[in-house]
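Enquirer: With the sequence up front, the predicted model follows.
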Amino acid sequence: QEQLVESGGGLVQAGGSLTLSCAASGRTLSAYAMGWFRQAPGKEREFVAAISWSGGRLYYADSVKGRFTISRANAKNTVYLQMNSLKPEDTAVYYCAAGPVTSVVTTTYNTWGQGTQVTVSS
């Protein structure tokens, strides 16, 4: 069974950092584009960052550009999201997703993790 599992979420003060990880089982991530999305209470799920299968193409939402970094370690079947200079508005459940193309669009991804909570206090 293909599965993505996020980890690394938690509570952090504004200005702090967290690194999220997304590990895959039952699927080799190296063949897929990967994305990070987030969903705050009462809001729609939104794009955060995406990386191509080779790591050569990176996309970021304007709201996180310069603060977040997406990377992947295909040998470890893992994708990361390094988050620096966190703000209270970054508070959300963060999801990783795998899909056939590098995209900012939610519907292009066909496998999703269960999410990890990130809470940034002011």
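Expert: Perfect, thanks for sending it.
Enquirer: Can you pull the poorly scored residue ranges out of the protein?
Expert: By pLDDT under 70, the weakly predicted segments of the chain are 1.
Enquirer: those helices in it, which residues are they?
Expert: For the chain, no helices are identified by DSSP state H.
Enquirer: Nearest residue to the residue nearest the centre of it in space, please, no chain neighbours.
Expert: Note on the chain: the residue nearest the mean C-alpha position is residue 36, at 2.5 Å, using CA atoms, centre = their mean. Leaving out its chain neighbours, the residue that sits closest to residue 36 by CB to CB, 6 or more residues apart in numbering is residue 48, at 4.3 Å. Any C-beta I mention is one placed from the backbone N, CA and C, and that applies to glycine too.
Enquirer: Do a quick rundown of the strands in the protein.
Expert: Secondary structure of the chain by DSSP state E: the strands cover 3-7, 10-13, 18-25, 33-39, 46-51, 58-60, 68-73, 78-83, 92-99, 111-112, 116-121.
Enquirer: so which of these comes closest to residue 105?
Expert: strand 46-51 (7.5 Å; CB to CB).
Enquirer: for the closest one, packing partners?
Expert: strand 33-39, strand 58-60, strand 68-73, strand 78-83 (3 or more CB pairs under 8 Å, 6 or more residues apart in numbering; DSSP states H and E).
Enquirer: I'd like these as TSV, with distance to residue 22 appended.
Expert: Shown next, in TSV, are the helices and strands packed on strand 46-51 (distance: least, CB to CB, whole Å):
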stretch	distance to residue 22
strand 33-39	7
strand 58-60	15
strand 68-73	9
strand 78-83	4
